[in-house]
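Sequence plus the predicted model coming up.
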Amino acid sequence: LPADDVFADVAALAQRLDHLRRTKRLEKEAQRSRREARRFPNRSDRVAILAKAGRRCHLCGGTVDGDDWVADHVLAHSVGGDCRAENFLPAHRLCNQYRWDHGGEEFQWILKFGVWLRTQIEKQTIIGREAAGAFLAHERSRANRRKRKVGGP
Ligand SMILES: [Zn+2]
């Protein structure tokens, strides 16, 4: 499916997203035997990683407080990114969690959807209100699951 056809209709967009997800999965499987053991940056690597990004999260640009950040692989470890300090940048835990190992085009789509949807929610369009309601229900459900995990059975 050529990338330009993605704008043809909803099914074409869904197909493109599915294609990106499948391609990434194949790439991960191909890399599995080749990738080096995961190695976390040591204390002096972390100091250098934080300094090269000016103490900012490389995903959102926000400042990083104290030691509350993660060293994020720029090229994901799962697709062959190495564990040298050069392949790490600082990221907030939340930003890193949502960045996950989405490929470049996948992540650009996610940003485009997010920016578009944010406008819909802010303007309280029909679709914005609908999506915000579903999103809030989803977030509450996630928060409740986390509470149950921490608090016992
Ligand atoms: Zn961030």
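Received it, and whenever you're ready, just let me know what you need.

and the spatially most central residue of the chain, what is it in contact with?
To find the centre residue of the chain, average its C-alpha atoms and take the closest one (C-alpha atoms, centre = their mean): that gives R99, at 1.0 Å. R99 is in contact with L59, D72, A91, F107, counting by C-beta atoms under 8 Å, 6 or more residues apart in numbering. (Each C-beta comes from the backbone N, C-alpha and C, glycine too.)

and those residues near the ion, which?
Counting by C-beta under 5 Å from the ion, the subset of the contacts of R99 that neighbours the ion consists of L59.

Tell me which of the contacts of R99 fall in helices.
When these are checked against helices using DSSP state H, the ones located there are F107.

Could you single out the nearest of the contacts of R99 to the ion?
L59 (4.7 Å; C-beta to the ion).

For this protein, which segments are assigned as helices?
Applying DSSP H to the chain gives helices spanning 10-32, 43-52, 93-99, 104-122, 126-151.

Turn the ones you listed into a markdown table, columns for mean pLDDT.
As requested, those are exported to a markdown table (pLDDT from 0 to 100):
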| stretch | mean pLDDT |
| --- | --- |
| helix 10-32 | 92 |
| helix 43-52 | 94 |
| helix 93-99 | 94 |
| helix 104-122 | 96 |
| helix 126-151 | 91 |
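
how near is D5 to N42?
With distances taken as C-beta to C-beta, to the nearest Å, D5 is found 47 Å from N42.

do the same with V74
Looking at V74 against N42, where the rule is C-beta to C-beta, the gap reads 18 Å.

hmm, back to that, how about the contacts of R99 in CSV, adding distance to E29 and neighbour count?
Formatted as CSV, the entries for those read as follows, by distance: C-beta to C-beta, whole Å; neighbours: other C-beta atoms under 10 Å:
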residue, distance to E29, neighbour count
L59, 26, 17
D72, 22, 22
A91, 25, 25
F107, 20, 16
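
Could you tell me which of the contacts of R99 are located in strands?
Among the contacts of R99, the members found in strands (DSSP state E) are D72, A91.

which one among the contacts of R99 gets closest to R25?
For the contacts of R99, the residue nearest R25 by C-beta to C-beta is F107; the value is 15.8 Å.

residues contacting that closest one?
When the contact criterion is C-beta under 8 Å, 6+ apart, the partners of F107 are R99.

Isn't R38 up against G81?
No - counting by C-beta atoms under 8 Å, no contact exists between R38 and G81, whose distance comes to 10.2 Å.
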